[in-house]
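Asker: Predicted model, plus sequence, below.
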Amino acid sequence: MYSGRAFPAILMLTLAGIASAQSLEVGVMVGEPTGLNGKIWLDARHAVDAGLAWSLQSQRSLHAHADWLIHDPEILADSQIPGEPSLYYGVGGRLSARDHGRDHLGVRIPLGLAWRLPGAPLAVFFELAPVVDLVPDTGLDVEGGLGLRYCFPE
């Protein structure tokens, strides 16, 4: 079972991110997994995204992830999409605490589209994230879903 040794490091990184944040988004994600999601913007291109959710796959589990994201709004700058659409990619980690006690720790590689809605404090996102499990054994997984977050004023 996961011993929690990484918790102090994760907490320190999270607090450091919040302290240097330019803005904060909080909301929900639906897909695999389904649950709560938040994003801390560090500057106009970089953010830390985290989720706490429930996996509904055959091995039900509590899922936690944190990712470092790089946004590239220039790719969609000439599109006729109103608001602020942005493609993003990144790298992060995932902990999957499973019912049967075999917790999995792995690396996530999220790829997605984020869109801040014009005239509303809301952001929508769609994401696919291949996952390489490393502990207790290696394996491949794919996560993804659709989300909606409230954007707190800067």
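Answerer: Happy to help now that I have it.

Asker: where exactly do the strands run in the chain?
Answerer: Shown for the chain, the strands assigned by DSSP state E span residues 23-32, 34-41, 46-55, 61-72, 84-98, 104-108, 111-116, 122-135, 139-151.

Asker: quick check: mean pLDDT across the fifth one?
Answerer: Which is strand 84-98. Averaged across strand 84-98, the pLDDT comes to 89.

Asker: Packing partners of that strand?
Answerer: If you count contacts as 3 or more Cβ pairs under 8 Å, 6 or more residues apart in numbering; DSSP states H and E, strand 84-98 packs onto strand 46-55, strand 61-72, strand 104-108, strand 111-116. For every residue, glycine as well, the C-beta is placed using N, CA and C.

Asker: neighbouring contacts of that strand?
Answerer: 2, 47, 49, 55, 59-73, 75-76, 79, 103-116, 118, 131, 133, 143 (Cβ atoms under 8 Å, 6 or more residues apart in numbering).

Asker: one more time with 7 Å, if that's ok
Answerer: With Cβ atoms under 7 Å, 6 or more residues apart in numbering as the test, strand 84-98 has contacts from 2, 55, 59, 61-73, 75-76, 79, 103-116, 131.

Asker: Any idea what residue 105 is bridged to?
Answerer: residue 95, residue 135 (DSSP bridges).

Asker: residues touching it, list them.
Answerer: By Cβ under 7 Å, 6+ apart, the contact set of residue 105 is 95, 134, 135.

Asker: CSV please, covering those residues and showing neighbour count.
Answerer: Shown next, in CSV, are those (neighbours: other Cβ atoms under 10 Å):
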residue, neighbour count
95, 18
134, 13
135, 12
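
Asker: could I get those residues as CSV with distance to residue 33?
Answerer: Output for the contacts of residue 105, formatted as CSV (distance: Cβ to Cβ, whole Å):
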residue, distance to residue 33
95, 12
134, 19
135, 18
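
Asker: In CSV, list the helices and strands packed on strand 84-98 along with mean pLDDT and distance to residue 148.
Answerer: Formatted as CSV, the helices and strands packed on strand 84-98 follow (pLDDT from 0 to 100; distance: least, Cβ to Cβ, whole Å):
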stretch, mean pLDDT, distance to residue 148
strand 46-55, 93, 13
strand 61-72, 92, 17
strand 104-108, 92, 20
strand 111-116, 93, 10
